[in-house]
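Student: Show me the folded form of this:
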Amino acid sequence: MTEAMDVDGAGGEENFRSCLSSLMDTGTVESHRYYLARKTLLEMLRDRGFAVPNCEIEVSLGEFRTKHGDNPDVDGLRISSLHKDDPSIKALVLFCEPGIVKVNVVRGIAARISQEGLDRLILVVQSKITSQASKAVELFPFKVEIFQITDLLVNVTKHELKPKHQVLTNAEKEKLLKQYSIEEKQLPRMLLKDAIARYYGLEKGQVVKVTYGGELTQLHVTYRCVW
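Tutor: Residues are numbered from 1 along each chain as shown. So this is what the prediction gives:
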């Protein structure tokens, strides 16, 4: 009886350890960071109206590592997408190598994508970008957005405490201003550097509908104009 109980106890402990080890992430932190950041970027492009298949967003960490390995090549992480309403609008996402982004890196990127016909480029950096490199970015003939990879590990719009944001079309904005007989400068403001404004890639003058609501609060709607 005692021996049988010892065997069962040992077997139970072994099963417990096996179960516990299956829950542990045995891959690299680097691959996990790339996976989370890329997923957020795919969701970001989708929310901006670009054509992003759900199957790409729903890729698991294991599937990502199977494809890209534990030390992904940043060139293999690039994302290219066309806008659903206007396929002539093209966005490209590029990951920079770890380390300081210097002007020669930016020039190399410019040379590689010169024939892409882009409307927007998103650069993901993992360290600081030098002043010379920043000036070189400003010379691109289209808008360039720069995100730190650490800012993309979590999708800011999915935080449970964040209200719902909806970007108004120009027609919806004009209807709102006419309805309340106001000018856009009279609306509450949202800064261009705000996390939500950056997520949606908003421009100055665009208006966002913000809906607050929850179990403890009543539904409340306000509007913010980007400045």
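Student: in terms of contact, does V207 touch L187 like I think?
Tutor: Yes - V207 is within contact range of L187, at 6.6 Å (criterion: CB atoms under 8 Å). No exception for glycine: its C-beta is placed from N, CA and C like everyone else's.
Student: who touches both of these two?
Tutor: Y223, R224, C225 (CB atoms under 8 Å, 6 or more residues apart in numbering).
Student: Averaged over its residues, which helix or strand of the protein has the lowest pLDDT?
Tutor: One helix or strand of the chain scores below all others by mean pLDDT, DSSP states H and E: helix 2-23, with a mean of 49.
Student: Report the rounded mean pLDDT for the following helix or strand past that one.
Tutor: Proceeding N to C from helix 2-23, the next assigned helix or strand is helix 29-47, under DSSP states H and E. For helix 29-47, mean pLDDT rounds to 97.
Student: Could I get the buried residue list for helix 29-47?
Tutor: 31-47 (16 or more other CB atoms under 10 Å).
Student: Let's verify the closest residue to I79 other than its chain neighbours: helix, strand, or coil?
Tutor: Take I79 and drop its neighbours on the chain: the residue closest to it by CB to CB, 6 or more residues apart in numbering is V93, 4.0 Å away. Put simply, V93 is strand when judged by DSSP: H, G, I helix; E, B strand; the rest coil.
Student: Show me what the host helix or strand of T66 is packed up against.
Tutor: Using DSSP H and E, the element containing T66 is helix 61-68. Helix 61-68 is packed against helix 29-47, with contacts defined by 3 or more CB pairs under 8 Å, 6 or more residues apart in numbering; DSSP states H and E.
Student: Check what contacts the helix or strand just after the helix it packs on and list those residues.
Tutor: For helix 29-47, the following helix or strand on the C-terminal side (DSSP H and E) is helix 54-57. Residues from elsewhere that reach helix 54-57, judged by CB under 8 Å, 6+ apart: K39, L42, E43, R46.
Student: go with 10 Å
Tutor: R38, K39, T40, L41, L42, E43, L45, R46, I79, S81 (CB atoms under 10 Å, 6 or more residues apart in numbering).
Student: quick one: which of the residues you listed is nearest F142?
Tutor: S81 (14.5 Å; CB to CB).
Student: I'd assumed that closest one was in a strand, is it?
Tutor: Yes - under three-state DSSP, S81 falls within a strand.
Student: And for it, the neighbour number?
Tutor: By the measure other CB atoms under 10 Å, the count of residues near S81 is 22.
Student: go on, D85?
Tutor: Look at D85: counted by other CB under 10 Å, it has 9 neighbours.
Student: Look up how far V210 lies from it.
Tutor: Distance, D85 to V210, by CB to CB, to the nearest Å: 24 Å.
Student: that older thread, can you list the buried residues in the helix holding T66?
Tutor: F64, R65, H68.
Student: Contacts only, for L82.
Tutor: Neighbour list for L82: F50, A51, V52, S88, I89, K90, A91, D119 [criterion: CB under 10 Å, 6+ apart].
Student: farthest pair in those?
Tutor: V52 and S88 (17.2 Å).
Student: tally of neighbours for I100?
Tutor: For I100, the neighbour count with other CB under 10 Å is 14.
Student: How about it, nearest residue that isn't a chain neighbour?
Tutor: Per CB to CB, 6+ apart, closest to I100 is S127, 5.0 Å.
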